[in-house]
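curious how this folds, go ahead:
(one chain, ligands or ions: 2)
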Amino acid sequence: MPELVFFSGTMDCGKSTLALQIEHNRSARGLQGMIFTRDDRAGEGKLSSRLGLVTDAVEAADGFDFYAYLVDRLSQGGRCDYVIVDEAQFLAPEQIDQLARVVDDLELDVFTFGITTDFRSKLFPGSQRLVELADRVEVLQVEALCWCGARATHNARTVGGVMVVEGAQVVVGDVHQTGGEVGYEVLCRRHHRRRMTAATARAATLSPDVLPIGPA
Ligand SMILES: Nc1ncnc2c1ncn2[C@@H]1O[C@H](COP(=O)(O)OP(=O)(O)O)[C@@H](O)[C@H]1O
Ligand SMILES: Cc1cn([C@H]2C[C@H](O)[C@@H](COP(=O)(O)O)O2)c(=O)[nH]c1=O
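Ligands and ions are numbered 1, 2, ... in the order given. Got it, this is the predicted structure:
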């Protein structure tokens with residue numbers, strides 16, 4: 001039975017790498033997939049992994065209709081054996097419904113990849129719809145780690161290393177940013193709640209305020 005699968009996790013846990021591996025293994029066996037993405041850091045129409053691999057993809061912008069696109073392709077004699085969708089958190093809920101219809105009516109496997117929650121630990125609308133509709137939600141096995149060594153479960157947005165909690169839900173960016181730019185850092189829940197990033201934890205350790213105060 002074809003399936004709608006949501007591979008989810010924090011930023012930087014290997015989702016795009018897995019998408020490229022699934023594509024590689026299937027195309028090596030003669031299957032032909034369609035790859036879609038939305039707002040990848042590498043630019044429009046790209047699916048990229050931090051391991052350096054990148055492939056072309058169809059950009060699924062606002063209003064893009066997955067079901068209509070695939071019906072059109074197939075009815076013109078084009079081939080499609082499976083579908084890969086990266087950065088699925090950025091899709092509208094209606095687009096996730098279209099992907100479910102691709103599975104049910106066109107009988108194609110659809111593999112989606114994305115982060116579940118945003119920098120305020122709220123569900124992205126696309127991810128919420130995937131959790132509601134997917135046949136399977138798979139949490140990636142490679143653990144991204146918080147600076148404290150615990151499993152990272154949350155995404156923090158940072159400016160100059162300091163966690164921010166105000167701003168637009170969507171701001172394309174990367175982890176390990178230096179300087180004053182907007183960046184991201186993955187944290188465990190405890191440190192996300194305390195807004196404690198690697199930089200602020202380091203600063204707190206160095207601060208004289210936290211040194212033990214004893215008799216002179
Ligand atoms: N230089 C490196 N050597 C080995 N693994 C790396 C290196 N750089 C990144 N990675 C791996 O790639 C993962 C990020 O992969 P990527 O597919 O870009 O993540 P995601 O799509 O989930 O944001 C990291 O968690 C790490 O495991
Ligand atoms: C937490 C969070 C992330 N984003 C953006 C930042 C990146 O461009 C992508 C995630 O990509 P990755 O391949 O999983 O690293 O999402 C955002 O726009 N808003 C957020 O709150």
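
which helix or strand contains Tyr184?
Tyr184 belongs to strand 182-187 when elements are defined using DSSP states H and E.

with just CA atoms, put that strand into CSV.
C-alpha atoms of strand 182-187 as CSV (Å, rounded to 0.1, in the frame of the first residue of the first chain):
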residue,chain,number,x,y,z
VAL,A,182,19.6,35.6,12.5
GLY,A,183,20.6,32.0,13.0
TYR,A,184,19.3,28.9,14.6
GLU,A,185,20.5,26.5,17.4
VAL,A,186,19.0,23.2,18.4
LEU,A,187,18.4,22.8,22.2
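
and that strand, what does it pack onto?
If you count contacts as 3 or more CB pairs under 8 Å, 6 or more residues apart in numbering; DSSP states H and E, strand 182-187 packs onto strand 154-159. Quick note: C-beta positions are derived from backbone N, CA and C, even for glycine.

domain parsing for this structure?
Using automatic domain parsing, the domain parsing of the chain gives 1-142, 144-207.

could you single out the most deeply buried of these?
Greatest average neighbour count among the domains of the chain goes to domain 1-142 (a mean of 18), per mean count of other CB atoms under 10 Å.

gap between it and the chain center?
10 Å (CA atoms, centre = their mean, to the nearest Å).

list the contacts of the lowest-mean-pLDDT helix or strand in the chain.
Using mean pLDDT, DSSP states H and E, helix 198-206 stands out as the lowest-scoring helix or strand of the chain, at a mean of 89. Residues from elsewhere that reach helix 198-206 (CB atoms under 8 Å, 6 or more residues apart in numbering): 147-148, 158, 160-163, 185, 191, 196, 210.

now, these that are in strands?
Among these, DSSP state E puts 158, 162-163, 185 in strands.

close to ligand 2, is the helix or strand in which Phe7 is found?
In the assignment (DSSP H and E), Phe7 maps to strand 4-9. No - applying CB under 6 Å from any ligand atom, one finds strand 4-9 separated from ligand 2 by no less than 7.9 Å.
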